[in-house]
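S.K.: Here is a sequence with its predicted model. Questions after.
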Amino acid sequence: MSQKPAIPKGTRDFLPEDVLKRNLIFSTISTAFNRFGFQPIETPSFELSSTLMGKYGEEGDRLIFRILNSGEKVRKADLDALASDNLPRFANSLSEKALRYDLTVPFARFVVQHQHELSFPFKRYQIQPVWRADRPQHGRYQEFYQCDGDVVGSDSLRNEVELIQVIDQVLSTLKLPGFTIKLNNRKVLSGIAEVCNASEHLIHLTVALDKLDKIGEVGVINELMGKGFEASVIDSIKPLFQLKGSFEERISFLSAFLSKSEIGMKGLEELSYIHSKFRDNPLVKGQLELDVTLARGLNYYTGAIIEVKAHEVVMGSICGGGRYDDLTGLFGLKGLSGVGISFGADRIYDIMETLELFPRDLRSGPDVLFLNFSETEADQCAIWANSVRDLGKVAEVYPSQTKLQKQLKYANEKGAKWVLFYGEEERQKGIVILKHMESGEQHTYPADAWLSSWEG
RNA sequence: GAGGUUGUAGCUCAGCAGGUUAGAGCAUCGGAUUGUGGUUCCGAAGGCCGCGGGUUCGAACCCCGUCUUCCUCCCCA
């Protein structure tokens, strides 16, 4: 009875070509981080539940994959909690570990745990998969890679500038036709709430604003009314819907709008500082945009908020990030500021696939494939193959002695550049025949010197 | 978590209003060609028609449940 092969929803297999394409993205990202002095770290796939739970809000907790206790630990199941319908507590009693949901919280844990082994400011990058029990959709998977870079222990806004440069370098190197790096600042959002007399409802206000490009002005107003905002409050934020123009124009508009809010003005100052740094040191391809509707990840961002959208495709953000003044505080280390970004490698992959941005010659076959005529000749070929490998080239000896037709078909499908014939006939004559697969041309060389005359 | 949608060969899909041995193209394997590939010709293999239950003389087709796919919301990369 054979089993039907299948994988869980929201997961994918990667064929050799897919892996090469993904590696191209990963290496581009790690190269960029390296060039800016970031160092790589890794953390375990799963953490203690207590490390993760409660860090992503109620919604996030629900999406964390939990690992069921096994063995004797199943006895810890809290049946009373189940009986009294306290499902979260029951779930906690069943599980002590969970798959990581992102790389930021484990990183915060890492920094606190290793604080005495690190020197600050600490710049790290990390490329590892994360898991979310989300409902799969276009560009959304249950297992996907995040590529994070963060700086902890430095308040300087130069870090924000640097991270924006990293984003620009990575996406430009990958030849994305265009992308917008949207910037906002939590302080500006606080300021907006302040001047609108809605400080207590900051979250509702910003979540509604965040949807502006999706549901439109009317949609946002409806949502705000649904949340019980007063008409006067809604009226006072309406001017923001019309925000247009260049970065500077938006800044000056907001300066007037937020003039009565100290915190709002501070936020604008920060945005303005960051923007000014690109005047004499421009980005390669990225377009900076001030977007006050940007509010993702509000739960821990305290300063800059960054989100990147690719042009020419319909896709969620491909990179996001921001500053969080006290992330490590959750693990007992107060006053350490951090700022970071996270690339969504899988979304970048999907975009590059639809826009056909991957280079064609990514999948390169062996430089030489030695055909297999018999045990004796194959032994000689294996020795030559090593010499070819010593030159830094890829060599392969066909493993079994089958029909040439089949061996050549294999060479063809694998994209071998050259095929080497060395059978009984060649051995007796003391020659080898090299065939160039693309042109079909064949050259004969003396068997003891072919490698030096071969131009492969 | 809510609503909708999808499921037939490895892949892309046919299959008329319930009716007998469920089809095609591509891919795979073998042969035409015993030492020469990418094109061609011939042949073979491959299906509990997502899974479970029900209606019926009879179900790929109708009904219920379940899982899966894709989409919208929620949320996010």
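M.R.: Sure thing, it's come through. Numbers count the residues shown, from 1 in each chain, chains lettered A, B, ... in the order given.
S.K.: How about the residues of the stretch 51-200 of chain A by RNA strand B?
M.R.: When proximity is defined as CB under 7 Å from any atom of the strand, the stretch 51-200 of chain A approaches RNA strand B at A:57, A:59-60, A:62-63, A:102, A:132, A:134-142, A:144, A:146. Placement of C-beta: from N, CA and C, glycine included.
S.K.: now, which of these lie within helices?
M.R.: A:57, A:59-60, A:62 (DSSP state H).
S.K.: Relative to the one helix or strand A:T180 maps to, what are the paired strands and their orientations?
M.R.: A:T180 is part of strand A:179-185, with elements assigned from DSSP states H and E. According to DSSP bridges, strand A:179-185 forms sheet pairs with strand A:287-290 (parallel), strand A:304-310 (antiparallel).
S.K.: Now do the first one: everything it contacts.
M.R.: Contacts of strand A:287-290 with the rest of the structure, by CB atoms under 8 Å, 6 or more residues apart in numbering, involve A:164, A:178-184, A:247, A:250-251, A:254, A:271, A:275, A:278.
S.K.: among the residues you listed, which two are most distant?
M.R.: Pairwise distances across the contacts of strand A:287-290 (CB to CB) peak at 25.4 Å, for the pair A:G178 and A:L254.
S.K.: if we can go back for a sec, quick check on the residues of the stretch 51-200 of chain A next to RNA strand B: which are buried?
M.R.: A:60, A:102, A:132, A:139, A:141-142, A:144, A:146 (16 or more other CB atoms under 10 Å).
S.K.: And for A:P359, nearest residue in space, chain neighbours not counted?
M.R.: Using CB to CB, 6 or more residues apart in numbering and skipping residues adjacent in sequence, the residue nearest A:P359 is A:L24, 7.9 Å away.
S.K.: Do you know the pLDDT at the one you found?
M.R.: Note for A:L24: predicted pLDDT of 93.
S.K.: ok, and does the helix or strand encompassing it reach over to RNA strand B?
M.R.: Per DSSP H and E: A:L24 is located in helix A:16-35. No: on the criterion CB under 7 Å from any atom of the strand, helix A:16-35 is out of touch with RNA strand B, staying 13.0 Å away.
S.K.: That helix: what's the following helix or strand?
M.R.: The C-terminal neighbour of helix A:16-35 among helices and strands, as given by DSSP H and E, is strand A:39-40.
S.K.: Could I get the contacting residues of A:I237?
M.R.: Applying CB under 8 Å, 6+ apart, the residues contacting A:I237 are A:192, A:196, A:205, A:209.
S.K.: Of A:G178 and A:L254, which one has the most company?
M.R.: A:L254 (24 against 13; other CB atoms under 10 Å).
S.K.: Excluding sequence neighbours, find me the nearest residue to that one.
M.R.: Going by CB to CB, 6+ apart, A:L254 has A:L268 as its nearest residue, at 5.6 Å.
S.K.: From RNA strand B, how far off is that neighbour?
M.R.: 24 Å (CB to the nearest atom of the strand, to the nearest Å).
S.K.: Then A:V292?
M.R.: On the measure of CB to the nearest atom of the strand, A:V292 and RNA strand B end up 16 Å apart.
S.K.: for A:F107, same thing?
M.R.: Distance from A:F107 to RNA strand B, by CB to the nearest atom of the strand: 13 Å.
S.K.: Burial check on that residue, number of neighbours?
M.R.: 23.
S.K.: From the contact counts, what lies against the helix or strand where it lies?
M.R.: Using DSSP H and E, A:F107 falls within helix A:104-113. When contacts are defined as 3 or more CB pairs under 8 Å, 6 or more residues apart in numbering; DSSP states H and E, helix A:104-113 sits against helix A:49-52, strand A:122-131, strand A:143-152, strand A:338-344.
S.K.: Switch these over to CSV; also include mean pLDDT.
M.R.: Shown next, in CSV, are the helices and strands packed on helix A:104-113 (pLDDT from 0 to 100):
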stretch, mean pLDDT
helix A:49-52, 91
strand A:122-131, 95
strand A:143-152, 94
strand A:338-344, 93
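S.K.: Show me how far the strand holding A:T180 is from its chain's centre.
M.R.: 17 Å (CA atoms, centre = their mean, to the nearest Å).
S.K.: contact partners of that strand?
M.R.: With CB under 8 Å, 6+ apart, strand A:179-185 has contacts from A:164, A:167-168, A:171, A:267-268, A:270-271, A:274-275, A:283, A:285-295, A:303-311, A:318.
S.K.: now it against strand A:338-344, angle please.
M.R.: 150 degrees (axes from the mean of the first three to the mean of the last three CA atoms, to 10 degrees).
S.K.: What is the subsequent helix or strand relative to strand A:179-185?
M.R.: helix A:186-195.
S.K.: Output the contacting helices and strands for that following helix.
M.R.: helix A:202-210, helix A:231-241, helix A:247-257, helix A:262-276.
S.K.: re earlier: which residues in the helix holding A:F107 does the neighbour count mark as buried?
M.R.: For helix A:104-113, burial by neighbour count (16+ other CB under 10 Å) applies to A:104-112.
S.K.: got a list of contacts for stretch A:364-379?
M.R.: Residues contacting stretch A:364-379 (CB under 8 Å, 6+ apart): A:381-382, A:384-385, A:388, A:393-402, A:404, A:407-408, A:410-411, A:414-424, A:426-427, A:434, A:456.
S.K.: and whichever residue of the stretch 201-350 of chain A sits closest to RNA strand B, how many neighbours?
M.R.: Closest residue of the stretch 201-350 of chain A to RNA strand B, CB to the nearest atom of the strand: A:G344 (3.4 Å). A count of nearby residues for A:G344, using other CB under 10 Å, gives 23.
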